[in-house]
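Enquirer: okay, predicted coordinates and the sequence, questions at the end:
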Amino acid sequence: MRHKLIDLAKVIRTKNSGPFILTIDIIFKDSYVYKRLKEIDYFSKVWWAQVYGINLDDVISVIYFDPVSAVKANIKRRVPSGSPGDTDVYGAQQHAPLLEVEIDV
């Protein structure tokens, strides 16, 4: 059954992790859904690269955090924070590609 990620998560957020790295957090409402997705490594580096339209090498890490049913990804920012051309100095508005994602659960 397909579900929108925004319906499965209670939090989807992004923030800077320094001027060159963006951190993306997804915290799930249901630990069962989280565990199922973790078991199959749904949120692999390949998945993040596809969703964000970036090179696989630009996905630095993917971390599952069981105590709060969360997955975190760290990716390279396209433009360093605060540099010319940067439209989001805090990295707080970079979750948009996740809003339309549908997942089979």
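Expert: Ah, there it is.

Enquirer: list the contacts for the residue positioned nearest the centre of the chain?
Expert: Nearest to the mean C-alpha position of the chain, by Cα atoms, centre = their mean, lies residue 24 at 4.0 Å. When contacts are counted by Cβ atoms under 8 Å, 6 or more residues apart in numbering, residue 24 touches 12, 13, 14, 48, 72, 73, 74, 75, 94, 95, 98. Bear in mind the C-beta positions are built from the backbone N, C-alpha and C, glycine included.

Enquirer: mark which of those are buried, thanks.
Expert: 12, 13, 14, 48, 72, 73, 74, 75, 94, 95, 98 (16 or more other Cβ atoms under 10 Å).

Enquirer: which among the contacts of residue 24 gets closest to residue 58?
Expert: Proximity of the contacts of residue 24 to residue 58 (Cβ to Cβ) peaks at residue 75, which lies at 5.7 Å.

Enquirer: re earlier: wait, a strand at the residue nearest to the centre of the chain?
Expert: Yes: counting by DSSP: H, G, I helix; E, B strand; the rest coil, residue 24 is found in a strand.
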